[in-house]
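Q: Below are the sequence and a predicted model; questions follow.
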Amino acid sequence: MSLRVSDLKVHYRTLRGDVRALDGVSFELGDAEILGLAGESGCGKTTLGKSLIRMDGRMRHVGGTVELDGTELPIGDDRRMNDFRFHEVSLVPQYSMSALNPTRKIGKMVGELLRSRGVTPDTAKLLGRLDAVGLPHEVLDRYPIELSGGMKQRMVMVISTLLDPSLLIADEVTSALDVSTQKAVARALAGFRDNGFVKSMIFITHDISLTYQIADTIMVMYAGRLAEKAPARTIVEAPRHPYTRMLIDSLPEVGVRHADRRLSGIAGSPPSLLDPPAGCRFRDRCPLAFDRCAEEPPAAEIAPDHFVACWKA
Amino acid sequence: MMLRLDNVTKVYKVGAFGGKTLTAVDGVSFDVPEGQVVSLIGESGSGKSTLGKMILGLVPVTAGSITLDGAPVRPGKEYYRHVQGVFQDPFSTFNPVFKADRVFQLIREAYFPAATAADWDERVRAALRDVRLDPDQVIGKYPHQLSGGQLQRVLIARALLLDLKLLVADEITSMLDASTRIDVLNLLAEIKGRGLGVLYITHDLSLGNYLAERTVVLRHGTVVEMGATDRVFGRPLHPYTRQLLSAVPRLHAPWEDAEPVTSCLYHDGGATGGLAEAGEDHFVACARLEGCLEERLGGRSGGRLEGRLKGR
Amino acid sequence: MVYGLTFVVAVTVDWMIPRFMPGDPVAGMVARANVSQPAAVEAMRQYYTGLFGFDQPLWRQYLNFWTALLHGDFGISIWVFPTPVSDVIMGAVPYTLGLMIPSVLLSWVVGNRLGAYAARRRLLDNTVLPVGYVLTAMPYMWLAVLLAWGLGVIAGVFPIAGGYSFSMQPNWSAEFLLDLLHHWALPFASLFLVALGGWAIGMRNMIIYELESDYSTYLAALGAPQRLIRRYAFRNAVLPQITGLALQLGVLVAGALVTEIVFSYPGLGSLILKAIQNQDFFLLQGTFMFIVLGVLAANFIIDIVYVVVDPRTRAGMAGAQA
Amino acid sequence: MTALQEAVPRDAAAPVSGRREALHFALRNGKLLAGAGVVLVLLLLGLIGPLTIDAPPNEYVGPPMQAPSSEYWFGTTTFGQDVFAQFVYGLRTTFAAGLLGGVVASLIGMVVGFLAGFRGGLLDEILNMLTNIVLVIPTLAVLLIINAYLGIRSVVAQAIFIGLTSWPWAARAIRAQTFSLRGRDFVDLARLSGSNTWKIITREIAPNMSSYLLLTFILLFGNSILIASSLDFIGLGPTEGVSLGLMLQNASQWSAMQLGMWWWFIPPGAGITAIVGALYVANVGLDEVFNPKLRET
């Protein structure tokens, strides 16, 4: 088992009080597994991704543990966490287009970054990785402004995985890209896992169809909690949580026409996480809700590797 | 009502003192008939948003013409009585320092100065109910207190207050969550029933396919394929369309590889004369269309093609 | 391009003002000059009339003005009649430059370091920031007066007037140079301090902005040490500060002028005061042209430095814009 | 920021209006309160102080060279003028010069900035050129020439000329802001609602950056005070009346420093520093109020 997250709670401090962005999430991630983390805005998926590598100033680790390869990650301690960053846990951020220092040549920056982490730059390895994503070696001698958006994206992917981390977090890396580029980037990421550049990966996106293309397992989150986690096929073809089902049903597939089959969305909106209601958080929007939903449903394993947090599952 | 684009071209001047030029849209022609949704599909840099802005009169046309019922676009109060737009980012479409319902106020000032307060309030409420919003939940709120989906509906309601003939919807769902965007799309499909045309601009093929009667696929400012949606997506002919379709992530079906665009002679620099008719209500920009069709479809339909040149 | 135009505008303003002011400029000036010797009055009258050339058409006057200017001819001073204005100015310029160049450059360098160091360090920030605001809010002359009073009059450590002791004649001896330095110290310090505050505040704000940028966040997520992140942030924050230096030049020159007046330092500032007190308009105009030229030249140099320092403009110039 | 927005669902249950929120933070911002407080106290002193003094400020009312005492709070000058009387009258003049100069500069900066930023194109390039020219020319030097020749000796004329030469950076800043706002969709929506350029600038763009305009004005205000006092000090100030800068000039001219008459030159300089410094500090406070990003949690 590569990653074990137990009852993780991370809150955001705001002027109106604590926002419980991540409120008790537990899951495991196996070796060589790509976990697709899906959900809508405000579900806590980005918070989860940040918690695993670097929390920003407003985030607070409230409870729960994260264990990577048998070692507990000190996620609430920015300084101690530094030992794990880049070496064990790494990140391909949403903002890849602006992630490189604009006034340093890329090669020089990579060298300085590596040395600052006590690593001697391995030129052959770096060049090999550039080849793997189809970047010419000259990019190292360029400034970021001289690269196209797609090239910057791939460069960041190469830098982030240069130390062969155990866990790679890819946060909405494709959301700003065109469909054809999106496909290339997603496949390249999957290739990193296949080639052993990274051991396992958490691929965060709002697009379930995209996750389905490269993830082994999909975890759907709702309002700071886990709703359902299962192998990708199962999530798409036999979802058990009403939220997952309604979400999948709201996606127009190529071939589905309004005139033939009218899809519908999910009425209502997620609860405020400032002071979330007790019990199941999907209750207010759920057509299946009944009395027991006032109690919080645990994420039960209803079939091997299939976890659902719903009394009706 | 019919919106007609004829050979529309847009050339931007870039650089200091307009030293260089950039052709964003190059000779685009298509129609948006009344009671239909036409989707305009393209990736970034395809010129789709520029086209939308030209139709709305927000950006001047360099060459060619855009006409509504035969009359040329003349941006101004009268034109906007009939043609309206909804944009991509709802939080940028609302001025954050004002309440959301100010967008109605602007309409009232410009078009219905004579309406009494009570009468106007009732009209606004009716329009909000038409877009499935509870007026009491929307009126008096600031934009940041409403969700993206609610805001986009407010904008559609705003357009419906006018004597609308055409609605340009530019990526109006791309900032919305999956569970709310589909209802906004359904709304567009509903309002076309009022006899107005909808131009739905999007990068998302599956959404365009879901909604539109007709589809126009744009690449680098030119139309590569257009026609009835079921033909364009059901039997895509242009390699670019095929590549786009194959790149769309689907549920239930893993990605497969389409032949790269470069395998087509047209993209190797082979000249083209414009759009050729490849079947009923199906036009493709490909000079080698006949040959391609025969290769791909094994001569089943290729022989019947006339390959008639259209447009330029 | 802009500099050329600016120069033309400045010269035109300089030419226009005496010509279009109400009344007869020659009579007014001669009267105000208040010179008692009839010979001097007559010489001046003739000189003015010839110089302004009122008998010639306007465009001709304008052209003549330019020709004279390009020959370095600013006219003749009234205050130290009949020394040419250009000579008077040249005598004062070394003092002003000697004061300005070190204080501007040093305050820029030290201020930037200080601001960068203070940013995001609570304790330092809480001292540097208020002190910085007080310093920038001070009128230059007031700090100069305070320093002169405190260190000059009360403590008696530094002289408070002049560029060198009255008892000395300018020469290259070590004794004279030391004396020069001694007189230079206080005006330098007051210019340096006021400018310092502004740079420190500007840099602090800029660094905080850079530390919040995406590339800083990315480096932090990869565990890069604060030292590296700050170094990158500093490099990027310095670039706008270079532009800031160009924008501040006018204010800095103004500061130098009034500081010189406080210390009776024999630079352009004191010259201006003398010119005003003696109604010496040629001297005033000449000094004005000279200051404008100096500021333009400095701006030009800063522009070149910026292009050399910022790799983005270099890359853009190579036409490799991606 | 994005993460936080994501984490905080837009809460329809807490209708805190933007303006009320700003007021809420304004009343809790120490910098703003302190800065505004100092400015207000000095302003009141300048407004009310002169009413309590019978003689004109430059009148020789008492014995010369008196140190501060209960009778002459700030002492007297070499000629027996009451420094306190001069100070309160000087405050008035200084505020007037700053305010008027700030208003003139803001107005020009706004017109140029809005037009250049919103219209773009050739107009933008021309206005930009103009801005750069005025920006590069050293302001004080121009004012020297103008004041010397035209003999400007009234506070109003002085302030107007200061305003005429100190607008460029404001125009630049407003242009940049306008430029970024122009691309927002609400500008397009206003067009689609039949609004013309003037209406869009005044009713959509200007309200959106009202806080920014206020900040700009405050900085121009402080700037004008500093320039005016420098002019006064050189001897190009108003000939009648008194200002803080003129007081400094007199003190310097009559060797107050050498004579140890600290009470003559400390108050005017301290007054200017206090006003301008307080304006700057209030400005930072206001910035924090308007820009939630800067609010330290």
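A: Yes, it's here.

Q: Let me know the pLDDT of residue 50.
A: In the absence of a named chain, this looks at chain A. With respect to pLDDT, residue A:50 scores 93.

Q: Not quite, go with chain D.
A: You'll see residue D:50 listed with a pLDDT of 78.

Q: element containing the residue nearest in space to the middle of chain D, please.
A: Among the residues of chain D, the one closest to the centroid is residue D:221, at 1.0 Å (Cα atoms, centre = their mean). Using DSSP states H and E, residue D:221 sits in helix D:210-234.

Q: Kindly export the helix or strand just after that helix (C-alpha atoms) in PDB.
A: Counting by DSSP H and E, the element after helix D:210-234 in chain order, helix or strand, is helix D:244-253. These are the backbone C-alpha positions of helix D:244-253, laid out as PDB (Å, rounded to 0.1, in the frame of the first residue of the first chain):
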ATOM      1  CA  LEU D 244       4.500  75.600   6.200                       C
ATOM      2  CA  GLY D 245       7.000  75.700   3.400                       C
ATOM      3  CA  LEU D 246       7.300  79.500   3.600                       C
ATOM      4  CA  MET D 247       8.000  79.200   7.400                       C
ATOM      5  CA  LEU D 248      10.800  76.800   6.600                       C
ATOM      6  CA  GLN D 249      12.200  79.200   4.100                       C
ATOM      7  CA  ASN D 250      12.100  82.100   6.500                       C
ATOM      8  CA  ALA D 251      13.700  80.000   9.200                       C
ATOM      9  CA  SER D 252      16.400  78.900   6.900                       C
ATOM     10  CA  GLN D 253      16.900  82.400   5.500                       C
END
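
Q: the helices in the stretch 1-150 of chain D, which residues?
A: For the stretch 1-150 of chain D, the helices defined by DSSP state H, counting those that start in this stretch cover D:2-7, D:18-26, D:30-48, D:83-119, D:121-136, D:139-150.

Q: Now do the longest one, average pLDDT.
A: Averaging pLDDT along helix D:83-119 yields 90.

Q: who does that helix touch, helix- and strand-wise?
A: Applying 3 or more Cβ pairs under 8 Å, 6 or more residues apart in numbering or on different chains; DSSP states H and E, we find helix D:83-119 packed against helix D:30-48, helix D:121-136, helix D:155-165, helix D:168-182, helix D:197-200, helix D:210-234, helix D:244-253, helix D:262-290. (C-beta placed from N, C-alpha, C; glycine too.)

Q: check contacts around the nearest residue to the residue nearest to the centre of chain D once chain neighbours are set aside.
A: Nearest residue to residue D:221, sequence neighbours excluded (Cβ to Cβ, 6 or more residues apart in numbering or on different chains): residue D:102, at 3.6 Å. Counting by Cβ atoms under 8 Å, 6 or more residues apart in numbering or on different chains, residue D:102 touches D:163, D:217, D:218, D:220, D:221, D:222, D:223, D:224.

Q: Those: which two are farthest apart?
A: The largest separation in the contacts of residue D:102, counting by Cβ to Cβ, is between D:163 and D:218 at 14.7 Å.

Q: okay, the two: which has more neighbours?
A: With neighbours defined as other Cβ atoms under 10 Å in any protein chain shown, residue D:163 and residue D:218 compare such that residue D:163 has more, 23 against 20.

Q: Domain-wise, how is chain C divided?
A: With domains defined by automatic domain parsing, chain C comprises C:2-70, C:85-317.

Q: in chain B, what spans have low per-residue confidence?
A: Scanning chain B for pLDDT under 70 picks out B:1, B:15-19, B:258-273, B:286-312.

Q: for chain C, same thing?
A: C:1, C:17-41, C:44-45, C:47-55, C:78, C:81, C:313-322.

Q: Need the residue closest to the centroid of the chain.
A: No chain specified, so I'll use chain A. residue A:204 (2.7 Å).

Q: Chain C, not that one
A: residue C:253 (2.1 Å).
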